[in-house]
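Student: sequence unknown, structure follows:
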């Protein structure tokens, strides 16, 4: 294993499911018209999804739908997977690409020291957004999509079950709507400080207030979904954000679900809500996520940072023993 990239053979993290990974050199293609070469500054691990990939828990039925934009290899064999990268454009070919040289950009790229992609695949960071914070953009995109699906309104009572990164970002967005009462619910009482920093009230599952106008579920646990349904008021909607991989989810739909006429709706970042499609595309949504990160409040979601060279060990630890980790940032070596 080499710890420093060469110009044409940077290192990339390859997942070797179930439960292993390593750094391998990759060959960069020559710059073609319209392409940019990016040197990575920071990345981050999307712990829920990447943990499922690392453990080899992606069901065959989802192998195509779960592909990352620049994934190499196939589930559940050796593959490059990941979608959080902040870097600086070092070279470009063509007018559009050359205009990005020297700019800091976000790209949905796997963990790799340098890469070549079409210029259209990167989004320039606003000048006021630190590179270190911009790693939250992908999770914030997911949260934005869920808020669009849930359509909270002024004064709503809103519950968010699951204080991971995505759930916390949903709570942060909802708490910015005037008059809303937002409670962030988690089994870990240590999340109370996080909730307060995001402008929400913290509650354990057994003490959360019910009769909510809107409930988001992002815990990834079947018990959390049951809690979410129990908190929804008459005719309310529960937005399900969790992805369970191969796990079956038992659900007690014979209780209040039927009498309260509840709605249970899936939200997934791979599709824009139908009402947004005539005016929005993925690029506009990412630009919104990056623009919102001028606010420093989401910095509380960065729970750790380590070197790219340590990523094989870091990924293993986060996949099997996360110990309360939120967003873990990856720091790339610089020349």
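Tutor: All right, it came through fine. These numbers come from a predicted model, not from an experiment. Residues are numbered from 1 along each chain as shown.

Student: can you map out the strands along the stretch 151-300 of the chain?
Tutor: For the stretch 151-300 of the chain, the strands defined by DSSP state E, counting those that start in this stretch cover 157-161, 181-185, 201-203, 212-217, 232-240, 263-266.

Student: let me fix that: the stretch 1-150 of the chain
Tutor: Using DSSP E, counting those that start in this stretch, strands in the stretch 1-150 of the chain cover 11-15, 21-25, 35-45, 72-73, 79-80, 85-92, 104-107, 114-118, 122-124.

Student: now the angle from the first one to strand 114-118?
Tutor: Angle of strand 11-15 versus strand 114-118, following axes from the mean of the first three to the mean of the last three CA atoms, to 10 degrees, is 80 degrees.

Student: helix or strand with the lowest mean pLDDT in the protein?
Tutor: helix 256-259 (a mean of 87; mean pLDDT, DSSP states H and E).

Student: verify the stated contact: residue 10 with residue 113.
Tutor: Yes. Assessed by CB atoms under 8 Å, residue 10 is found in contact with residue 113 at 3.7 Å. The way it works is simple: take the backbone N, C-alpha and C, and place the C-beta from them, glycine included.

Student: settle it for me: which of those two has more neighbours?
Tutor: More crowded of residue 10 and residue 113, by other CB atoms under 10 Å: residue 113, with 28 against 21.

Student: mind listing residues that contact the least confident helix or strand of the chain?
Tutor: 229-230, 262, 264 (CB atoms under 8 Å, 6 or more residues apart in numbering).

Student: 6 Å instead?
Tutor: residue 229 (CB atoms under 6 Å, 6 or more residues apart in numbering).

Student: for that helix, what is the distance to the chain centroid?
Tutor: Remark: helix 256-259 is offset 32 Å from the chain centroid, using CA atoms, centre = their mean, to the nearest Å.

Student: how about that helix: buried residues?
Tutor: With burial defined by 16 or more other CB atoms under 10 Å, the residues of helix 256-259 counted as buried are residue 257.

Student: between the strands of the stretch 151-300 of the chain, which one is closest to residue 294.
Tutor: If you check each of those against residue 294 by CB to CB, strand 181-185 wins as the nearest, at 21.2 Å.

Student: per-residue pLDDT, residue 87?
Tutor: Here, the pLDDT recorded for residue 87 equals 98.

Student: correction: the previous question concerned residue 47.
Tutor: For residue 47, pLDDT reads 87.

Student: give me every residue that touches the closest residue to it other than its chain neighbours.
Tutor: Once flanking residues are discounted, residue 47 sits nearest to residue 318: 5.3 Å by CB to CB, 6 or more residues apart in numbering. Taking CB under 6 Å, 6+ apart as the criterion, residue 318 is in contact with 45, 47, 325, 328.

Student: in PyMOL, select just the buried ones from those.
Tutor: Applying 16+ other CB under 10 Å to the contacts of residue 318, the buried members can be selected in PyMOL as follows:
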select buried, resi 45+47+325+328
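
Student: quick one: which two of the contacts of residue 318 are the most distant?
Tutor: The most widely separated members of the contacts of residue 318 are 45 and 325, with 8.6 Å between them, by CB to CB.

Student: ok, back up a step: need the contacts of residue 318 in a markdown table (columns: distance to residue 61).
Tutor: Shown next, in a markdown table, are the contacts of residue 318 (distance: CB to CB, whole Å):
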| residue | distance to residue 61 |
| --- | --- |
| 45 | 25 |
| 47 | 23 |
| 325 | 29 |
| 328 | 29 |
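
Student: so which of the contacts of residue 318 comes closest to residue 160?
Tutor: residue 47 (17.4 Å).

Student: partner residues bridging residue 305?
Tutor: residue 329 (DSSP bridges).

Student: so what pLDDT did residue 255 get?
Tutor: Residue 255 carries a pLDDT score of 72 in this model.
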